[in-house]
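Student: model the following, please.
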Amino acid sequence: MIMNLDSVLLPRKKFIFHYKNVRWARGRNETYLCFVVKRRVGPNTLTFDFGHLRNRNGCHVELLFLRYLGALCPGLWGSGGTGEKRLSYSITWFCSWSPCANCSVRLSQFLSQTPNLRLRIFVSRLYFCDLEDSREREGLRMLKKAGVQITVMSYKDFFYCWRTFVASKQSHFKAWEELHQNSVRLARKLNRILQPYEAEDLRDAFKLLGL
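Tutor: Numbering: from 1, shown residues only. Next comes the predicted model:
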């Protein structure tokens, strides 16, 4: 584990407050990011690391994570040796908010230059995605085009985070009210956002025609 990141395990109350997928998320002005990093070190062997981060000093957590890549993913860029093969990594994020537009652009640019890195993002809530023409929606589509798998967290994902990233003291994860309903609603919304423009235009046309 990278011990100079935030403390390895999240307090229970902090996890529930920041990851709760409520419709009106008042007071949740930070983004928390729990991560799992996997690296192949042999034909059938994976090593992994895990931890969590949050926004610091005005830096969004997604970009903050990139600052630690050198420590988390040694050999990702190689060491400059002739013919040296770069190591391949798979990274999974569990985020309390989906990325903002600017972070989506930066991540897309970075991933286009790092083909040996795969990124999956699970999100608890969607950030500023209510308006049809929001830059955040376009940013999520850009990430998908860059090969990022973006998914809304379901009960099993919250349960996994509770077991992996939370100082739970063996206590069981208890689903909050409307966890499942909110997850389904947000998943449908994300799916609509990530659909090609043509499908959105056709759906809007059907709506206007009352079909």
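Student: flag the shaky bits of the chain, pLDDT-wise.
Tutor: Counting by pLDDT under 70, the chain has low-confidence residues at 1-7, 79-84, 196-211.
Student: how about the strands in it?
Tutor: Counting by DSSP state E, the chain has these strands, from start to end: 32-40, 46-54, 89-97, 117-125, 149-152.
Student: in CSV, list these along with distance to Leu69 and mean neighbour count.
Tutor: The C-beta positions use only the backbone N, C-alpha and C, and glycine is treated the same way. Converted to CSV, those look like this (distance: least, Cβ to Cβ, whole Å; neighbours: other Cβ atoms under 10 Å):
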stretch, distance to Leu69, mean neighbour count
strand 32-40, 9, 20
strand 46-54, 11, 17
strand 89-97, 9, 22
strand 117-125, 8, 21
strand 149-152, 19, 18
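Student: could I get those as JSON lines with distance to Glu138?
Tutor: As requested, these are exported to JSON lines (distance: least, Cβ to Cβ, whole Å):
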{"stretch": "strand 32-40", "distance to Glu138": "21"}
{"stretch": "strand 46-54", "distance to Glu138": "25"}
{"stretch": "strand 89-97", "distance to Glu138": "17"}
{"stretch": "strand 117-125", "distance to Glu138": "16"}
{"stretch": "strand 149-152", "distance to Glu138": "13"}
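Student: pull the number of nearby residues for Phe110.
Tutor: 16 (other Cβ atoms under 10 Å).
Student: mind listing what it touches?
Tutor: Leu66 (Cβ atoms under 8 Å, 6 or more residues apart in numbering).
Student: number the chain from 632, please
Tutor: All right, first residue 632 from here; so that's Phe741.
Student: now it: how far from Ile824?
Tutor: Per Cβ to Cβ, to the nearest Å, Phe741 is found 22 Å from Ile824.
Student: again with Gly673
Tutor: 39 Å.
Student: contacting residues for the residue most central in space within the chain?
Tutor: For the chain, the residue nearest the mean C-alpha position is Ile752 (3.0 Å; Cα atoms, centre = their mean). Taking Cβ under 8 Å, 6+ apart, we find Ile752 in contact with 723-724, 726, 729-730, 774, 779-782.
Student: if I read this right, Phe753 contacts Asp788, doesn't it?
Tutor: Yes - judged on Cβ atoms under 8 Å, Phe753 makes contact with Asp788 at a distance of 5.3 Å.
Student: what touches both of those two?
Tutor: 725, 782.
Student: thinking Ala732 is in contact with Glu767, fair?
Tutor: Yes - Ala732 lies in contact with Glu767 (Cβ under 8 Å); the separation is 5.1 Å.
Student: of these two, which one has the most company?
Tutor: Using other Cβ under 10 Å as the criterion, Ala732 and Glu767 rank with Glu767 on top: 22 against 17.
Student: quick one: contacts for the closest residue to that one other than its chain neighbours?
Tutor: In space, and not counting its chain neighbours, Glu767 is closest to Phe759: 4.5 Å by Cβ to Cβ, 6 or more residues apart in numbering. By Cβ under 8 Å, 6+ apart, the contact set of Phe759 is 731, 765, 767.
Student: break down the chain into its helices, ranges please.
Tutor: In the chain, the helices defined using DSSP state H lie at 643-650, 692-698, 700-703, 732-743, 766-776, 786-796, 810-825, 828-839.
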